[in-house]
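**Student:** Predicted model follows, preceded by the sequence.
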Amino acid sequence: MSPTFRSLANANYRRYAAGGVVSNTGTWMQRVAQDWLVLQLSHNSGTALGITTGLQFLPFLVLAPFAGLVADRMSKHRLLQLTNVAMAAPALVLGVLAITGRAELWHVFVLAFTLGAASVFDAPARQSFVSEIVGPDDVSNAVGLNSASFNAARLIGPAAAGLLIAALGGGVVATGWVILFNAVSYVAPILALRSMDQKLLEPAPLVARTPRMIRAGFGYVRRRPELMLVLGIVFFTGTFGLNFQMTSALMATEVYGKGASEYGLLGSFMAIGSLAGALIAARRVRIRHRLIVGAAVLFGVVEIAAGLMPTYLTYALVTPLLGITALTMITAANTFMQMNTAPSMRGRVMALYMMIFMGGTPLGAPLIGWIGEALGARWTLLLGGGLTIAGVLASVALFLHSRPAQAARAEVADSHPVAA
């Protein structure tokens, strides 16, 4: 088997990946449909779109440390089945409300937050469960293939959602049917998890309850400058740069005067680059800081270029470059965090990673949405890319500044060994 796809030799991983493709397709379809629903209900308000995105990711900022503790203390195989049911419920409710014509903007706000609350418990368990399915030598490959699966769905989902919404009339009811499909799609990963051979899993030992466990997770990361650097990079890119579902909606409607189908196609164009980036990442065995830093800076440069594109066609042609640079950074950062973290801390560390990466969206999305409304859609990309570059360079500067201090502490510790 090709080195790119070596994790698929594992039967449990094949089931896990297959369920993920179906669920991820539904997730991307709902993202497009939910954004279109908000634009319909708010009369194309960028601020409302930003608030919706922010509310969906706010739980990552608030609940992530607790979710990571749950992932370390509970069977991830069981937890993931529960979180998929919990994510299906708000999608089902929102879909029914839209189909019956009863959906209001506040419904979307509440249910987006509810979906985010379920997702925050799913994320650290899902991220760290990969290392329980495959061996340590294949973790990098499996993380890359997970990203490839996510972006293969991204290639299909947005375009399918846009075409369905347009075919069904382009209104509120049309978005409801697409959202309802996402609710049903969660059945696939549940069935995949239940069909796994649990004897072949290598679960990390469940962590016993001790005082200040969440604080211990924060302390573990704080003592590791190399992990802090990665968290700094993903914070700035996640907060200011990775607001594609909102920025593309504003660019498609306000700048280029396009409809739902053209907006959906932008997501698929971007997924072409994202899929390529994920597959390239799956071939890597070792991840270094320079790859994460370089990909993040290049992403910011490409985002600024996208904001300057004069036509819908030229913008669409740039989006694959956005996808490949973003996914290279994301996949490399995710793999680095997992491979450089002790198994007993992995749930809490990955929860902190997701809190920083996704939790910045409630801060950035409303701000970027307001900028789009006040200054124009192009500025969401120009400022987003500029802030990303500035934040990455600042994170690197802090990392380089901390290295001498860390070396000095290590030298002191070596010269004063603790008596046995």
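**Tutor:** Thanks, I have the structure now. Computed from a prediction, not measured in an experiment: that's the story for all the values here. Numbers count the residues shown, from 1 in each chain.

**Student:** Run through the residues that contact residue 247.
**Tutor:** Taking CB atoms under 8 Å, 6 or more residues apart in numbering as the contact definition, residue 247 lies against 368, 372, 377, 380-381, 384. No exception for glycine: its C-beta is placed from N, CA and C like everyone else's.

**Student:** secondary structure class for it?
**Tutor:** Following DSSP: H, G, I helix; E, B strand; the rest coil, residue 247 is assigned to helix.

**Student:** secondary structure element for the residue most central in space within the chain?
**Tutor:** In the chain, the centroid-proximal residue (CA atoms, centre = their mean) is residue 358; its distance is 6.6 Å. Element membership of residue 358, judged by DSSP states H and E, is helix 346-359.

**Student:** What is that helix packed up against?
**Tutor:** Secondary-structure packing of helix 346-359 (3 or more CB pairs under 8 Å, 6 or more residues apart in numbering; DSSP states H and E): helix 46-73, helix 105-133, helix 213-222, helix 225-236, helix 312-339.

**Student:** Can you name the next helix or strand after it?
**Tutor:** helix 361-375.

**Student:** Measure how far that following helix is from the centre of its chain, please.
**Tutor:** Centroid separation between helix 361-375 and its chain, computed with CA atoms, centre = their mean, to the nearest Å, is 19 Å.

**Student:** Buried ones in it, by neighbour count?
**Tutor:** By 16 or more other CB atoms under 10 Å, the buried positions in helix 361-375 come out as 361-369, 371-373.

**Student:** Only the C-alpha atoms, please, for the helix holding residue 358, written as CSV.
**Tutor:** Output in CSV follows, covering the C-alpha atoms of helix 346-359 (Å, rounded to 0.1, in the frame of the first residue of the first chain):
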residue,chain,number,x,y,z
ARG,A,346,-3.1,14.0,25.5
GLY,A,347,-6.8,14.6,26.1
ARG,A,348,-6.2,17.7,28.1
VAL,A,349,-3.5,19.0,25.8
MET,A,350,-5.6,18.5,22.7
ALA,A,351,-8.5,20.2,24.4
LEU,A,352,-6.3,23.2,25.1
TYR,A,353,-5.2,23.1,21.5
MET,A,354,-8.8,23.1,20.3
MET,A,355,-9.7,25.8,22.9
ILE,A,356,-6.9,28.1,21.5
PHE,A,357,-7.6,27.2,17.8
MET,A,358,-11.4,27.2,17.8
GLY,A,359,-12.0,29.3,20.9
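
**Student:** Give me the angle between that helix and helix 312-339.
**Tutor:** Using axes from the mean of the first three to the mean of the last three CA atoms, to 10 degrees, the direction of helix 346-359 lies 160 degrees away from that of helix 312-339.

**Student:** for helix 346-359, what is the average pLDDT?
**Tutor:** Averaged across helix 346-359, the pLDDT comes to 79.

**Student:** swap in stretch 185-194?
**Tutor:** For stretch 185-194, the per-residue pLDDT averages 95.

**Student:** Going by neighbour count, which residues in that stretch are buried?
**Tutor:** 185-190, 192-193.

**Student:** for the stretch 151-300 of the chain, what spans make up the helices?
**Tutor:** With DSSP state H, counting those that start in this stretch, the ranges of helices along the stretch 151-300 of the chain come out as 172-185, 187-194, 213-222, 225-236, 244-250, 260-282, 289-307.

**Student:** Where does the prediction get shaky in the stretch 201-350 of the chain?
**Tutor:** Across the stretch 201-350 of the chain, residues meeting the criterion (pLDDT under 70) sit at 208-211, 245, 281-285.

**Student:** ok, so what distance separates the residue lying closest to residue 131 once chain neighbours are set aside from residue 255?
**Tutor:** In space, and not counting its chain neighbours, residue 131 is closest to residue 139: 5.2 Å by CB to CB, 6 or more residues apart in numbering. Relative to residue 255, residue 139 is positioned 41 Å away (CB to CB, to the nearest Å).

**Student:** Then residue 179?
**Tutor:** 26 Å.

**Student:** Looking at those two now, which is surrounded by more residues?
**Tutor:** Counted by other CB atoms under 10 Å, residue 179 and residue 255 do not tie: residue 179 has more neighbours, with 31 against 18.

**Student:** how about the nearest residue to that one, chain neighbours excluded?
**Tutor:** Nearest one to residue 179, counting by CB to CB, 6+ apart, is residue 95 at 3.9 Å.
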